[in-house]
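> Sequence first, then the predicted structure, then my questions.
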Amino acid sequence: MNACIFLFTFFVASVVGLPHVAMIDTPVVRDVGLIFDDRYYQGNSTFIFELPGKPTCIPINVDSNSRPRGFSIKSVQICKPTTCAFFTGEKCTSKSTGTFSVTCKGPGDVPNHDSNNVYKSYICGENISKRAGLEDTKALVTVPHNSNAGMV
């Protein structure tokens, strides 16, 4: 059952994120927002998810072998009260050699993330800021969430 949920989540997360009028919100998976590859909620977008009660590392933009290709995050929209951490490595830890990470607390938006990093994984959850391995994570400054921004 869990394998089906993960496959569904990875499939949905890898398709182009469209305006989410009816956000997914079940006991096992919750749509919490979008990431964009251009500033001010433009360009390609991908949904981001949370597994309530069990924060799980999720790869970004997986290839046919389930390996994360990554995503150049330039803007973020977190629509729900949760925290998401994005990592340049395949595992959700900032202690890995050469891995950089940022966090974003929602509801809130990051209209202009000035970075050339490609993020390959993320984790969302209400208590992830207390999770081991996030000590050196950079917190992104958010603006109040605008549910109309980026929703064309």
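Structure received. Since this is a predicted model, take the numbers as computed values, not measurements. Residues are numbered from 1 along each chain as shown.

> in what helix or strand does V102 lie?
strand 101-105 (DSSP states H and E).

> Packing partners of that strand?
Applying 3 or more C-beta pairs under 8 Å, 6 or more residues apart in numbering; DSSP states H and E, one finds that strand 101-105 makes contact with strand 75-78, strand 83-87, strand 138-139. For every residue, glycine as well, the C-beta is placed using N, CA and C.

> For the protein, which segments count as strands?
Using DSSP state E, the strands found in the chain span residues 30-38, 42-50, 58-59, 75-78, 83-87, 101-105, 108-110, 121-125, 138-139.

> I'd like those strands laid out as JSON lines, including mean neighbour count.
Rendered in JSON lines, the data for the strands of the chain read as follows (neighbours: other C-beta atoms under 10 Å):
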{"stretch": "strand 30-38", "mean neighbour count": "22"}
{"stretch": "strand 42-50", "mean neighbour count": "20"}
{"stretch": "strand 58-59", "mean neighbour count": "20"}
{"stretch": "strand 75-78", "mean neighbour count": "24"}
{"stretch": "strand 83-87", "mean neighbour count": "26"}
{"stretch": "strand 101-105", "mean neighbour count": "21"}
{"stretch": "strand 108-110", "mean neighbour count": "22"}
{"stretch": "strand 121-125", "mean neighbour count": "24"}
{"stretch": "strand 138-139", "mean neighbour count": "12"}
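
> Out of the ones you listed, which gets nearest to S147?
Evaluated with C-beta to C-beta, the strands of the chain place strand 75-78 nearest to S147, the distance being 8.2 Å.
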